[in-house]
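Peer 1: this one's structure only:
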């Protein structure tokens, strides 16, 4: 028995399915798909990183051709994607992990769609000075089509053999844009009041739950990932109480786990602490403690970010059921195994470009770490040099 035994207890989702331990491979875009299709590099990367976790989540997969955020992103927009996704699901499950496909639409941030010549849209026609392309305001027909696209993407995930899906309702994607008062200036049924701004995420949730129910697979997992608040200086897209209210509605409809996207750059508290220890501003509650009330019963919560040691992971599950690990599993694919074998002192949490290549990171991921001139640099959060925002 070791001090880290708690990390290897199973996690039970709301539908009764169990994950073999408390670790989640965090959803991270590896920028290495080829025109949306799964590549051999991605298969090898996922095989090693998912080998010892309880649940593994892909980087976001776009549900239609107008939702592609970056070149190299996965596609679940077409039936032709299923074969490659099936290979991905197979390698993710090889070590006992539950394989989850994350579904997303980039909305106004669909630069990958622009590069392919597709139309890009958002909740409202606004000025986007940081973009060098035009963005249309979505019509009612566009919105209804997006809902159908999430449903179709769920069918493809089931056909590909995934154990579940995770709805990406965070990090400024289309669903968050609809919920944001900064991005959504509509005055129809899809915008205006807080309740109307949450209408699209809830409509998508209903649509995918209907697909899951019709599939007859009671073990299929529905995860939900959120950003707790959206602030741009003094401008508030939504605050913590707004997202709490949305999550209560989501809980009423039913999810199997909640994945809370936390990071140190967000103004969640008045002090700088590891993000798994962040308190909801104005309270003495951690985010899992705060959201437990919204979930109205048992629903496991995953938190993480900046988890680079065994002690970091253990601290994260003080309040939450699970801990997601991103950059550390990029640097050290054996992170979980070393903790299981009580070898935490052997964990690698500094690296170089050459070492990243040596541990099977896809080219797209490695490019994220290279300086603009292509030179090698040492990357280590512990030394005060944060890695790119991967989790």
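Peer 2: Structure's in. What do you need? Every value quoted in this text rests on a predicted model; they were computed, and no experiment measured them.
Peer 1: Name the residues of the helix of greatest length in the chain that are buried.
Peer 2: Longest helix in the chain by number of residues, with DSSP state H as the criterion: helix 140-159. For helix 140-159, the neighbour count (16 or more other CB atoms under 10 Å) marks 142-143, 146-147, 149-158 as buried. Every C-beta, even on glycine, is put in place using the N, C-alpha and C of the backbone.
Peer 1: since we're on residue 349, how many residues are nearby?
Peer 2: 18 (other CB atoms under 10 Å).
Peer 1: The one 10 residues further on now?
Peer 2: Taking other CB under 10 Å as the criterion, the count of residues near residue 359 is 17.
Peer 1: and if you look at residue 217?
Peer 2: The burial count for residue 217: 13, using other CB under 10 Å.
Peer 1: what about it, which helix or strand?
Peer 2: In the assignment (DSSP states H and E), residue 217 maps to no helix and no strand.
Peer 1: Run through the residues that contact residue 342.
Peer 2: 2, 4 (CB atoms under 8 Å, 6 or more residues apart in numbering).
Peer 1: so residue 249 touches residue 202, yeah?
Peer 2: Yes: using CB atoms under 8 Å, residue 249 is in contact with residue 202, at 5.8 Å.
Peer 1: overlap in contacts of these two?
Peer 2: Joint contacts of residue 249 and residue 202 (CB under 8 Å, 6+ apart) do not exist.
Peer 1: returning to what we had before: check the buried residues of helix 140-159 against residue 54 and report the nearest one.
Peer 2: Nearest to residue 54 among the buried residues of helix 140-159: residue 157, at 18.8 Å, using CB to CB.
Peer 1: Now do that closest one against residue 110, distance only.
Peer 2: Applying CB to CB, to the nearest Å, the value for residue 157 to residue 110 is 21 Å.
Peer 1: Can you get me a residue count around residue 102?
Peer 2: Residues lying near residue 102 (other CB under 10 Å) number 23.
Peer 1: repeat for residue 100
Peer 2: 27.
Peer 1: That one: which element?
Peer 2: strand 98-104.
Peer 1: partner strands of that strand, parallel or antiparallel?
Peer 2: strand 55-57 (parallel), strand 61-62 (parallel), strand 164-169 (parallel) (DSSP bridges).
Peer 1: What's the mean pLDDT across it?
Peer 2: Throughout strand 98-104, pLDDT has a mean value of 98.
Peer 1: tell me which of the buried residues of helix 140-159 is nearest to residue 192?
Peer 2: Out of these, the member with the shortest distance to residue 192 (by CB to CB) is residue 143, at 14.3 Å.
Peer 1: Would you agree the closest one is in contact with residue 190?
Peer 2: Yes: taking CB under 8 Å as the definition, residue 143 is a contact partner of residue 190 at 5.9 Å.
Peer 1: gap between the residue lying closest to residue 240 once chain neighbours are set aside and residue 320?
Peer 2: Among residues not flanking residue 240 along the chain, residue 229 sits closest, at 4.9 Å (CB to CB, 6 or more residues apart in numbering). Relative to residue 320, residue 229 is positioned 18 Å away (CB to CB).
Peer 1: What ranges does the stretch 201-350 of the chain have for its strands?
Peer 2: Secondary structure of the stretch 201-350 of the chain (DSSP state E, counting those that start in this stretch): strands located at 221-226, 230-232, 235-238, 257-260, 301-304, 322-325.
Peer 1: want to throw those strands into CSV with distance to residue 292?
Peer 2: As requested, the strands of the stretch 201-350 of the chain are exported to CSV (distance: least, CB to CB, whole Å):
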stretch, distance to residue 292
strand 221-226, 14
strand 230-232, 22
strand 235-238, 20
strand 257-260, 10
strand 301-304, 7
strand 322-325, 14
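Peer 1: Identify whichever of these lies nearest to residue 40.
Peer 2: strand 322-325 (23.8 Å).
Peer 1: Which strands or helices does the lowest-mean-pLDDT helix or strand in the chain pack on?
Peer 2: Counting by mean pLDDT, DSSP states H and E, the chain has its least confident helix or strand at helix 363-369, which shows a mean of 77. Identification of packing neighbours for helix 363-369 by 3 or more CB pairs under 8 Å, 6 or more residues apart in numbering; DSSP states H and E yields helix 353-358.
Peer 1: Check which helices and strands the helix it packs on sits against.
Peer 2: Against helix 353-358 (3+ CB pairs under 8 Å, 6+ apart) you get helix 327-331, helix 363-369.
Peer 1: In JSON lines: those, plus distance to residue 17.
Peer 2: Formatted as JSON lines, these follow (distance: least, CB to CB, whole Å):
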{"stretch": "helix 327-331", "distance to residue 17": "22"}
{"stretch": "helix 363-369", "distance to residue 17": "29"}
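Peer 1: wait, which of the strands paired with strand 98-104 is closest to residue 207?
Peer 2: strand 164-169 (10.4 Å).
Peer 1: which residues of the chain fall in helices?
Peer 2: Going by DSSP H, the chain shows helices at 40-49, 82-93, 111-115, 140-159, 174-179, 194-197, 199-215, 240-253, 287-295, 310-316, 327-331, 335-340, 353-358, 363-369.
Peer 1: weakest of those helices by average pLDDT?
Peer 2: Mean pLDDT values for the helices of the chain show the minimum at helix 363-369, a mean of 77.
Peer 1: roughly how far apart are the closest residue to residue 48 other than its chain neighbours and residue 44?
Peer 2: The shortest distance from residue 48 to any non-neighbouring residue, by CB to CB, 6+ apart, is to residue 333 (4.3 Å). Relative to residue 44, residue 333 is positioned 10 Å away (CB to CB).
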